[in-house]
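In: Quick one: sequence and predicted model below, then my questions.
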Amino acid sequence: MTTTTLAVLVPLLPFLGSAAGLLLGRTAPGFVRPLAVLPTLAAAVLAVLVAARQGGGKAIDASTQLTPTGSVPIDLSLHIDGFAALTAVLVGVVATCVQIYSTGYLRADPRYPSYAALVSLFTSAMLVVVYSGDLMVLLVGWEVMGICSYFLVGHYWETPEARSASLKAFLVTKLGDVPFLIGLFALATDAGTFRITGVLGAVAHGGLDHPTLIALLLLAGVAGKSAQFPLHTWLPDAMAGPTPVSALIHAATMVAAGIYFTARLLPVFAASAAAMTVLAVMAAITMVGSALAALAQDDIKRVLAYSTIGQLGYMAGALAVGDRGAAVFHLVSHGAFKALLFLAAGAVIHAAGTNSLTAMSRMSGLARRVPDAYWTMTVALLALAAIPPFAGFFSKEAVLVAAEHTALGERDVAPAGAGWTVLVAGLLTALLTAAYALRLWLRTFRGRGAEAPDHGRQPIAMTSVLWVLAIPSLGFGLSVTYLDDWFDGHPLTPTLTTAVLGTGLAVAGAAVTYAVWRTLAARTPVTAPVLHVDHPDAEAGQVEAEALHLPHPAEDPDDPGRVLLGPLHAPARDGFHLDAVYRTAFVRPVLAAASLVRFLDREVVDTYVRAAGNSAKGLGWLVRRAQTGNVQTYLSALLAGSVVLAIVAVALANAAAGA
């Protein structure tokens with residue numbers, strides 16, 4: 001079987017599994033789980049075979065024209081280089097792990113058939129984005145992911161949080177997609193093609209007439225999809241969906257799509273120094289702001305959500321300094337340990353019965369109750385904090401090295417100012433990341449107080465997946481010396497300067513956090529056993545600290561984040577009030593304009609419409625009253641009219657004669 005055929009089957013198999021799952025979900029429920037797992041697993045295996053055949057060498061291109069358009073043609077095409085091959089493997093592996101995990105995590109969910117089918121469709125859409133060689137076909141996968149995220153985030157639609165989160169995710173990402181679509185059309189107009197190879201060829205020959213405008217329009221869509229400032233606010237709220245969905249969105253689909261798209265078309269962005277500077281500033285604000293927000297969150301999934309935003313900021317920062325190899329390397333590395341973090345968090349939530357870190361800090365024995373989640377989550381948090389030799393260290397160092405080269409003028413793809421911006425923000429974020437990672441670990445697994453609940457052993461479908469993902473989280477970075485051919489031939493090995501700075505700051509952040517935690521623990525007496533609410537569905541129920549009679553997160557005496565952030569804690573916990581800014585700047589004016597339109601429509605337009613109707617109705621009434629059926633009346637009216645017309649005619653004639 002040819003490599004092209006295998007590549008076509010990779011997105012096709014999950015799509016067929018999704019269609020079959022939707023059709024057979026009610027009539028043959030016994031087939032739902034095999035249809036969820038096996039097509040996705042087969043797609044992952046085929047993606048590995050495609051990657052092995054591609055081997056990091058020359059890109060694989062194949063195409064066929066869909067239909068004549070009369071202008072810029074649209075092709076059903078494949079473009080598989082090293083970036084695409086490795087990203088597809090990531091998507092296939094993480095999606096398979098999520099599907100297997102979900103068979104245990106949602107085993108009692110009555111809507112599991114539709115959930116599993118949507119996850120398969122989500123996976124297929126992302127694989128279309130990864131393999132597509134035509135921007136219009138890529139856009140199809142891009143938009144299908146948006147629809148799937150809307151339904152999956154709103155899976156627990158009975159809760160208002162899930163309904164509002166799904167709507168918010170859809171609207172915010174669409175806010176970026178509108179200029180993104182305009183940018184795609186402008187790019188195709190300048191390049192004369194939607195084919196990615198054709199676009200890159202046009203850029204290489206200076207064929208873009210409006211590079212800055214196009215790049216900025218495209219960046220709006222990237223910011224929405226990949227949750228970059230200022231369109232990142234939807235991602236923390238999306239935690240209202242099932243935890244396996246969070247793992248899929250954060251690790252291998254949706255948010256990775258914007259970074260991957262920018263990496264594929266990086267020469268388009270690099271053609272404009274202004275666009276690269278904007279991307280660098282956006283990445284820097286995203287990195288630092290999200291890390292501060294993560295340090296203040298009291299919900300374990302919201303901590304991880306802000307963590308994802310920050311790590312995406314690292315990837316965007318690598319792209320801003322012109323190194324797509326470092327960006328995609330961190331994308332793949334992050335995908336492994338972030339999927340592990342969310343799935344391990346799901347096991348912890350399942351055991352504790354709550355998402356609240358405040359509640360978990362009042363429990364003891366969680367590490368003993370869920371040992372698989374404890375050990376694998378520890379590995380993932382070490383990778384997140386970029387501690388050597390875990391995967392996150394090597395991929396994050398690749399970003400810092402790229403920023404250093406640009407800042408020192410050793411790489412001229414982007415302005416030196418962009419390099420310094422990314423480098424300083426990246427180092428500061430390294431310190432903050434280690435701080436919130438250790439804070440999460442301490443408050444989850446080193447709590448004091450009531451014994452953690454015992455729900456028995458976790459299903460093997462959940463625990464086995466955790467150990468599978470722990471392997472790349474620990475060892476993927478060690479393969480860095482063998483990956484040069486897959487990433488444009490650029491070396492991704494760490495340098496002494498950034499390694500010492502980055503690791504030193506991470507250790508310092510963790511040390512300060514631990515010292516503050518120990519100090520607070522010494523000052524605060526051990527809490528008495530608390531009432532534990534064993535909610536039948538911790539995900540849907542979203543048990544709050546108040547239900548457990550625990551202090552508000554802002555008043556929690558054991559929280560080191562409150563001490564470390566000081567006056568920044570309250571605004572950081574609320575995402576620096578960016579949602580309030582949006583409500584003031586956009587939502588309220590739109591609602592006011594809608595009220596004005598409603599008033600004008602109801603009181604002005606409808607008034608004129610009603611008046612026109614009443615006038616016609618009155619005229620009809622007069623005409624109807626004139627129809628008496630009396631011939632003498634008709635003759636009298638005719639005679640009177642004739643007299644009136646005669647008088648008018650005589651008057652007009654006299655007036656004309658006098659003139």
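Out: The structure has been received and is ready for your questions.
In: Residue ranges in the stretch 501-650 of the chain under the pLDDT threshold?
Out: Confidence mapping of the stretch 501-650 of the chain against pLDDT under 70 gives the ranges 524-556.
In: Next: the chain.
Out: 455-456, 524-556, 659.
In: ok, 50 please
Out: When residues are selected by pLDDT under 50, those of the chain lie in 528-554.
In: Please go through it and pick out the longest helix.
Out: helix 160-191 (DSSP state H).
In: Quick one: list the elements packing against it.
Out: Packing contacts for helix 160-191, counted by 3 or more CB pairs under 8 Å, 6 or more residues apart in numbering; DSSP states H and E, involve helix 135-153, helix 196-204, helix 211-225, helix 234-237. The C-beta positions use only the backbone N, C-alpha and C, and glycine is treated the same way.
In: list the contacts for the residue positioned nearest the centre of the chain?
Out: The centroid of the chain falls nearest to residue 255 when counting by CA atoms, centre = their mean (3.8 Å). By CB atoms under 8 Å, 6 or more residues apart in numbering, residue 255 lies in contact with 225-227, 235, 249, 308, 312.
In: and the two most separated of the residues you listed?
Out: Farthest apart among the contacts of residue 255 by CB to CB are 225 and 308. That separation is 12.8 Å.
In: coming back round to it: will you turn the helices and strands packed on helix 160-191 into a markdown table that also has distance to residue 428?
Out: Output for the helices and strands packed on helix 160-191, formatted as a markdown table (distance: least, CB to CB, whole Å):
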| stretch | distance to residue 428 |
| --- | --- |
| helix 135-153 | 30 |
| helix 196-204 | 33 |
| helix 211-225 | 21 |
| helix 234-237 | 21 |
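In: contacting residues for residue 201?
Out: 191, 207.
In: ok, now which ones touch residue 512?
Out: Taking CB under 8 Å, 6+ apart, one finds 435, 564 in contact with residue 512.
In: would you say it is within a helix?
Out: Yes - with DSSP: H, G, I helix; E, B strand; the rest coil as the criterion, residue 512 is assigned to a helix.
In: For residue 561, see how far away it is.
Out: Using CB to CB, to the nearest Å, residue 512 is found at 12 Å from residue 561.
In: any common contacting residues for those two?
Out: residue 435.
In: Tell me the secondary structure at residue 156.
Out: coil.
In: hang on, it packs against residue 242?
Out: Yes - under the criterion of CB atoms under 8 Å, residue 156 makes contact with residue 242 at 7.4 Å.
In: These two: which is more packed in?
Out: In terms of neighbours (other CB atoms under 10 Å), residue 242 is the more surrounded of residue 156 and residue 242; the figures are 25 against 21.
In: what sits against that one?
Out: Residue 242 touches 102, 105-106, 115, 152, 155-156, 539, counting by CB under 8 Å, 6+ apart.
In: ditto for residue 384
Out: Counting by CB under 8 Å, 6+ apart, the residues that residue 384 touches are 307, 311, 337-338, 341, 392, 433, 437.
In: And the strands in this protein?
Out: 60-67, 74-80, 363-364, 450-451 (DSSP state E).
In: Could you dump these into CSV with distance to residue 283 and mean neighbour count added?
Out: Shown next, in CSV, are the strands of the chain (distance: least, CB to CB, whole Å; neighbours: other CB atoms under 10 Å):
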stretch, distance to residue 283, mean neighbour count
strand 60-67, 31, 14
strand 74-80, 26, 21
strand 363-364, 37, 24
strand 450-451, 42, 16
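In: between these, which gets nearest to residue 287?
Out: It's strand 74-80; of the strands of the chain, that one is closest to residue 287 (CB to CB) at 30.0 Å.
In: In stretch 3-12, which residues are buried?
Out: Buried positions in stretch 3-12, judged by neighbour count with 16 or more other CB atoms under 10 Å: 3, 7-12.
In: ok now that stretch, how far from the chain's centre?
Out: 26 Å (CA atoms, centre = their mean, to the nearest Å).
In: and what of stretch 418-433?
Out: 22 Å.
In: Next: stretch 74-93.
Out: For stretch 74-93, the distance to the chain centre is 19 Å (CA atoms, centre = their mean).
In: pull the CA atoms of that stretch into CSV?
Out: The C-alpha atoms that make up stretch 74-93 are tabulated as CSV, following Å, rounded to 0.1, in the frame of the first residue of the first chain:
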residue,chain,number,x,y,z
ILE,A,74,-9.3,24.2,-4.6
ASP,A,75,-7.4,20.9,-4.4
LEU,A,76,-7.8,17.8,-2.3
SER,A,77,-4.1,17.5,-1.5
LEU,A,78,-1.7,16.1,1.0
HIS,A,79,1.5,17.8,2.2
ILE,A,80,3.4,15.6,4.7
ASP,A,81,6.7,16.8,5.9
GLY,A,82,8.5,15.9,9.2
PHE,A,83,6.3,18.3,11.1
ALA,A,84,3.1,16.9,9.8
ALA,A,85,4.2,13.3,10.3
LEU,A,86,5.2,13.7,14.0
THR,A,87,2.1,15.9,14.8
ALA,A,88,-0.2,13.2,13.3
VAL,A,89,1.4,10.6,15.4
LEU,A,90,0.8,12.8,18.5
VAL,A,91,-2.9,13.3,17.5
GLY,A,92,-3.4,9.6,16.9
VAL,A,93,-1.7,8.4,20.1
